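*Asks:* Sequence first, then the predicted structure:
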Amino acid sequence: MAKRVMAVYDTDPLYTERFTEFVNQKEQVPFTVMAFTALDRLKTYGEDHKIELLLISTSIPREEIEKTGAAYVVMLADGEAAPPEGPYPSVYKYQAADSLMREVMKYYCDDPGDPGYAMVSKAGRTIGVYSPINRCLKTSFSLTMGQLLARDLKVLYLNLEDCSGFGRLIGEEYRGGLSDLLYYYSQEGFRWVRLGSVVYTWGELDYVPPVQYPEDLCQVTGQMMAELVTHIARESVYESIILDLGQFGKKAAEVLEVCDVVYMPVKDDCVSAAKIEEFEEYLMSSGRGSLKDRIQKIKPPYHCSFSRKDNYLEQLLWGELGDYTRQLLRKQP
């Protein structure tokens with residue numbers, strides 16, 4: 001299926017070209033993005049081609065916008081406040097481009113006339129990271145692996161912890177995340193543009209911010225989460241999906257079943273060994289014994305230098321954990 005067209009026109013040609021170049025590099029946007037530096041050319045193009053989504057300056061009169069034939073229009077505003085009236089939603093054009101696109105995708109998804117859109121792609125590889133024990137470097141390992149894989153692949157990281165501390169760790173304030181994605185999925189099934197509206201980027205890794213409240217995960221069944229992950233793997237551009245399962249309880253087994261491989265950080269103490277043994281017994285008693293063949297037990301190196309949040313990414317990649325993860329990935333087929 002060919003991508004739909006998103007046209008961009010602003011009275012500042014440099015802004016139009018730079019913004020379009022940025023968005024075309026972000027593969028989670030399900031459009032071919034075209035820049036227009038002349039309004040006449042935009043209208044001429046619209047006469048022979050379908051423009052699904054148009055981003056256009058608020059300085060352009062409504063009658064001129066209608067001549068483009070665009071199915072959906074979002075205005076690019078110079079001021080932070082949206083225009084007080086008009087038929088089209090508005091976004092502040094000088095914000096970060098990825099933030100602007102999340103806002104645009106949200107407006108586009110909320111359009112009652114939008115029939116939905118799915119990308120057609122080869123199913124991505126799903127990697128689970130789970131352990132029934134605590135303080136085992138599960139999240140640090142997941143993020144390190146995600147950043148390393150994202151150098152060559154399109155990678156999406158999903159954190160299923162009820163209290164992840166992720167926003168504070170990275171220093172980001174979120175307008176949407178996994179809570180919104182789960183709600184939309186329960187109401188309307190998977191839609192690629194919904195995913196694109198809640199995806200953020202850290203370093204080279206794309207991620208969906210974790211749930212806002214622990215209750216949001218409590219209300220989700222393991223089967224529902226597994227189905228959502230399967231849809232993302234099959235219908236998105238991501239070549240790898242990393243699931244950081246946290247303390248997802250025994251529902252984790254249902255999600256792990258859709259993973260191609262599962263990394264399980266372990267420790268040597270007797271309490272940790274007993275928890276691992278109990279989880280493996282549960283897999284056998286619940287008819288999921290075959291999952292044990294996909295589980296690779298690992299012992300990431302402990303560290304004492306992860307005390308500063310401002311350079312957390314560099315600490316992940318260039319410390320002992322980064323070296324360990326690189327070696328592990330080299331051994332994988």
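*Replies:* Received, thanks.

*Asks:* Quick one: the strands in this structure, in order.
*Replies:* For the chain, applying DSSP state E gives strands covering 4-9, 31-36, 53-57, 72-77, 90-92, 125-129, 155-159, 200-202, 205-208, 240-244, 261-265, 295-298.

*Asks:* could those go into JSON lines alongside mean neighbour count?
*Replies:* Just so you know, the C-beta spots here come from the backbone N, C-alpha and C atoms, and that holds for glycine as well. Output for the strands of the chain, formatted as JSON lines (neighbours: other Cβ atoms under 10 Å):
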{"stretch": "strand 4-9", "mean neighbour count": "22"}
{"stretch": "strand 31-36", "mean neighbour count": "19"}
{"stretch": "strand 53-57", "mean neighbour count": "23"}
{"stretch": "strand 72-77", "mean neighbour count": "20"}
{"stretch": "strand 90-92", "mean neighbour count": "18"}
{"stretch": "strand 125-129", "mean neighbour count": "23"}
{"stretch": "strand 155-159", "mean neighbour count": "24"}
{"stretch": "strand 200-202", "mean neighbour count": "17"}
{"stretch": "strand 205-208", "mean neighbour count": "24"}
{"stretch": "strand 240-244", "mean neighbour count": "25"}
{"stretch": "strand 261-265", "mean neighbour count": "21"}
{"stretch": "strand 295-298", "mean neighbour count": "15"}
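
*Asks:* any chance of the ones you listed in JSON lines, plus distance to residue 107 and mean pLDDT?
*Replies:* Output for these, formatted as JSON lines (distance: least, Cβ to Cβ, whole Å; pLDDT from 0 to 100):
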{"stretch": "strand 4-9", "distance to residue 107": "12", "mean pLDDT": "91"}
{"stretch": "strand 31-36", "distance to residue 107": "14", "mean pLDDT": "88"}
{"stretch": "strand 53-57", "distance to residue 107": "9", "mean pLDDT": "93"}
{"stretch": "strand 72-77", "distance to residue 107": "6", "mean pLDDT": "91"}
{"stretch": "strand 90-92", "distance to residue 107": "8", "mean pLDDT": "86"}
{"stretch": "strand 125-129", "distance to residue 107": "30", "mean pLDDT": "93"}
{"stretch": "strand 155-159", "distance to residue 107": "22", "mean pLDDT": "93"}
{"stretch": "strand 200-202", "distance to residue 107": "18", "mean pLDDT": "87"}
{"stretch": "strand 205-208", "distance to residue 107": "19", "mean pLDDT": "91"}
{"stretch": "strand 240-244", "distance to residue 107": "26", "mean pLDDT": "94"}
{"stretch": "strand 261-265", "distance to residue 107": "38", "mean pLDDT": "93"}
{"stretch": "strand 295-298", "distance to residue 107": "43", "mean pLDDT": "93"}
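
*Asks:* so which of those comes closest to residue 194?
*Replies:* With Cβ to Cβ, the closest approach to residue 194 among the strands of the chain belongs to strand 205-208: 10.6 Å.

*Asks:* For the closest one, list the C-alpha coordinates in PDB.
*Replies:* Provided in PDB are the C-alpha atoms of strand 205-208 (Å, rounded to 0.1, in the frame of the first residue of the first chain):
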ATOM      1  CA  LEU A 205      15.600   5.000  20.100                       C
ATOM      2  CA  ASP A 206      11.800   5.500  19.600                       C
ATOM      3  CA  TYR A 207       9.600   4.800  22.600                       C
ATOM      4  CA  VAL A 208       6.100   5.100  23.900                       C
END
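
*Asks:* hang on, the earlier thing: reformat the strands of the chain as CSV; add distance to residue 228.
*Replies:* Formatted as CSV, those follow (distance: least, Cβ to Cβ, whole Å):
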stretch, distance to residue 228
strand 4-9, 23
strand 31-36, 23
strand 53-57, 25
strand 72-77, 26
strand 90-92, 27
strand 125-129, 11
strand 155-159, 9
strand 200-202, 18
strand 205-208, 11
strand 240-244, 11
strand 261-265, 18
strand 295-298, 22
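
*Asks:* Between those strands, which one is closest to residue 186.
*Replies:* With Cβ to Cβ as the criterion, residue 186 lies closest to strand 205-208 of the strands of the chain, at 15.5 Å.

*Asks:* For the closest one, enumerate the helices and strands it packs against.
*Replies:* helix 138-149, strand 155-159, strand 200-202 (3 or more Cβ pairs under 8 Å, 6 or more residues apart in numbering; DSSP states H and E).

*Asks:* now for the shortest one, which elements pack on it?
*Replies:* Spelled out, it's strand 200-202. By 3+ Cβ pairs under 8 Å, 6+ apart, strand 200-202 packs against helix 97-109, strand 205-208.

*Asks:* For the first one, give the mean pLDDT please.
*Replies:* This points to helix 97-109. Average pLDDT, helix 97-109: 81.

*Asks:* Other residues contacting it?
*Replies:* With contact meaning Cβ atoms under 8 Å, 6 or more residues apart in numbering, helix 97-109 is reached by 19, 22-23, 26, 29, 53, 55, 72, 74, 89, 91-93, 114, 175-176, 184, 191, 193-194, 196-201.

*Asks:* about what we covered before: return the most buried member of the helices and strands packed on strand 200-202.
*Replies:* For the helices and strands packed on strand 200-202, the largest average neighbour count (mean count of other Cβ atoms under 10 Å) is found in strand 205-208, namely a mean of 24.
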